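Peer 1: let me see the structure of the following:
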Amino acid sequence: MTARIDHLVTSGTFTLDGSTWDVDNNVWIVGDDSEAIVIDAAHDATAILAALGGRTLRAIVCTHAHNDHIDAAPALAAATGARILLHPADQPLWKQTHPGHSPDGDLSDGQTLTIAGVDLHVLHTPGHAPGAVCLHAPDLATVFTGDTLFKGGPGATGRSFSDFPTIIDSIRDRLLTLPPATVVRTGHGDSTTIGAEAPHLDQWISRGH
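Peer 2: Next up, the predicted model:
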């Protein structure tokens, strides 16, 4: 069976530094008709379970630990038995949302996750959060960027645990080096491509300063 990418949008809130915003999140499911992984279990475990359609969930992969990307992860794990994977540098953020529950495993730069015969390569891309990661799936010509890179520029860096020069370095060194046709599937909003975003790096740097 051929691996595919399924997508749903869930809605909830993002809370950090004492403020709360309403947000819509992209949830990405990579797999085939029998097994899958979920990238960012946001807001609604019931909706994600429905989208899985009875497939075996092998892992819940967190691109970072802001609450809007992980709030449904423990419930989804409890319902499916899947392991929650997070880069350890985001443990402080995780604990703000789930103080009594720890992820089941670590993500690390260079690690490869394989699902339905497709490899996803873990790229540590700090800046939006210390443990932010992207997942590059060359066979699907796709990179899942969480909140590191969006259509139109970098993720936000104006709050705790974030840093603008760091996110620029991550995007320049880890993402813009990918093939231009690579589809960028983001944590919020529309998808884009590496080729569409790469020419604007200098503009982002100027805007950020």
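Peer 1: for the rest of this, base every contact and every neighbour count on C-alpha atoms.
Peer 2: Noted.
Peer 1: and residue 57, that one's in a strand?
Peer 2: Yes - counting by DSSP: H, G, I helix; E, B strand; the rest coil, residue 57 falls inside a strand.
Peer 1: correct me, but it touches residue 80?
Peer 2: Yes - if you go by CA atoms under 8 Å, residue 57 and residue 80 touch, sitting 6.4 Å apart.
Peer 1: between the two, which is the more surrounded one?
Peer 2: residue 57 (24 against 17; other CA atoms under 10 Å).
Peer 1: nearest spatial neighbour of that one, skipping sequence neighbours?
Peer 2: residue 36 (5.1 Å; CA to CA, 6 or more residues apart in numbering).
Peer 1: which of the helices or strands spans that neighbour?
Peer 2: Assigned by DSSP states H and E, residue 36 belongs to strand 35-39.
Peer 1: so which elements touch that strand?
Peer 2: strand 19-31, strand 56-61, strand 112-115 (3 or more CA pairs under 8 Å, 6 or more residues apart in numbering; DSSP states H and E).
Peer 1: describe which strands that strand pairs with in its sheet and in which direction.
Peer 2: Strand 35-39 has its sheet partners listed here by DSSP bridges as strand 19-31 (antiparallel), strand 56-61 (parallel).
Peer 1: residue ranges of the strands in this protein, please?
Peer 2: 4-16, 19-31, 35-39, 56-61, 83-86, 105-106, 112-115, 118-124, 133-137, 142-146, 149-150, 153-154, 183-186, 192-193 (DSSP state E).
Peer 1: could those strands go into a markdown table alongside mean pLDDT and distance to residue 205?
Peer 2: As requested, the strands of the chain are exported to a markdown table (pLDDT from 0 to 100; distance: least, CA to CA, whole Å):
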| stretch | mean pLDDT | distance to residue 205 |
| --- | --- | --- |
| strand 4-16 | 98 | 24 |
| strand 19-31 | 98 | 26 |
| strand 35-39 | 98 | 28 |
| strand 56-61 | 98 | 29 |
| strand 83-86 | 98 | 28 |
| strand 105-106 | 98 | 31 |
| strand 112-115 | 98 | 31 |
| strand 118-124 | 98 | 20 |
| strand 133-137 | 99 | 20 |
| strand 142-146 | 98 | 19 |
| strand 149-150 | 98 | 13 |
| strand 153-154 | 98 | 10 |
| strand 183-186 | 98 | 20 |
| strand 192-193 | 98 | 19 |
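Peer 1: let's have those in TSV, adding distance to residue 202.
Peer 2: Shown next, in TSV, are the strands of the chain (distance: least, CA to CA, whole Å):
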stretch	distance to residue 202
strand 4-16	29
strand 19-31	27
strand 35-39	30
strand 56-61	31
strand 83-86	31
strand 105-106	33
strand 112-115	31
strand 118-124	22
strand 133-137	21
strand 142-146	20
strand 149-150	14
strand 153-154	11
strand 183-186	19
strand 192-193	17
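Peer 1: what's the closest of those strands to residue 203?
Peer 2: Ranking these by proximity to residue 203 (CA to CA) places strand 153-154 first, at 9.1 Å.
Peer 1: what are the pairing partners of the closest one, and which direction each?
Peer 2: In its sheet, and by DSSP bridges, strand 153-154 pairs with strand 149-150 (antiparallel).
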